[in-house]
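Asker: only the shape, not the letters, is given here:
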């Protein structure tokens, strides 16, 4: 009842947004369309003292990472609300892009962070097709329409073009990290070659600010009676019943591969 009595200070309110999963993986993963309502509500609810992000993501789409992070920064600056990120198992690649949207980043001693790089991965089947007597027939208008075709032998010019496509994306990622982390980054460390760091190692090179968990850190910063209000993505009916469509299964395989890169 005390919080309804005038002139008595109310406990600080901190909405907690959970950002979990691969980024941009269709309806299963994180993307701007699915996270926007959560983020908008978190910043609009009452008068938050801060917003906390709980991040557990191996990465994914650079564009969706950028869109989600940009929305968080815009609302934080418009409403003058600080943002704190807490990493669980991993915030790598796009997951670390999201973490850098916060004003500070806190990790567990065993959290994995970093992987500031860009990857393109696919499979090639030309020899298998040849053994099975399968002929690949491709007709294009425009010489680049069969670019990186997995059913044709890999071409050096395709590899060169992929690298040219990756370079500006990598540069945008680096610019984002430098803009958000600034002088906290270790100027002598090689941070942008897609390496990952664990816990205190990440603190040492300036990728994160320290070791801490959500509730005790928020109590330390905003008082013992701080109110943490969770916000998370809702699962659809089919997902809750364990019934996924074929494309959902494929998305699951791709997401599983991303997590497996970090032993998870």
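Answerer: Cool, got the structure. The structure presented is a predicted model; accordingly, all values stated were derived computationally and were not measured.

Asker: thought residue 48 was touching residue 14?
Answerer: Yes - Residue 48 sits in contact with residue 14 when judged by CB atoms under 8 Å, with a separation of 6.2 Å. Every residue, glycine included, has its C-beta placed from N, CA and C.

Asker: neighbour count: these two, which is higher?
Answerer: residue 14 (24 against 21; other CB atoms under 10 Å).

Asker: tell me if the more buried one really is in a strand.
Answerer: Yes - counting by DSSP: H, G, I helix; E, B strand; the rest coil, residue 14 is part of a strand.

Asker: residues contacting it?
Answerer: Residue 14 is in contact with 48-52, 218, 222, 226-229, counting by CB atoms under 8 Å, 6 or more residues apart in numbering.

Asker: where does the stretch 51-200 of the chain have low pLDDT?
Answerer: Scanning the stretch 51-200 of the chain for pLDDT under 70 picks out the ranges 118-155, 157-163.

Asker: all helices for this protein, in order.
Answerer: Ranges of helices in the chain, per DSSP state H, are 32-44, 62-79, 94-99, 126-131, 156-181, 200-204, 214-222, 237-240, 246-260.

Asker: between the first one and helix 62-79, how big is the angle?
Answerer: The reference is to helix 32-44. Counting by axes from the mean of the first three to the mean of the last three CA atoms, to 10 degrees, helix 32-44 lies at 20 degrees to helix 62-79.

Asker: tell me which strands and helices helix 32-44 is in contact with?
Answerer: strand 13-20, helix 62-79, strand 227-231 (3 or more CB pairs under 8 Å, 6 or more residues apart in numbering; DSSP states H and E).

Asker: redo the ones you listed as TSV? Include distance to residue 112.
Answerer: Formatted as TSV, the helices and strands packed on helix 32-44 follow (distance: least, CB to CB, whole Å):
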stretch	distance to residue 112
strand 13-20	15
helix 62-79	17
strand 227-231	23
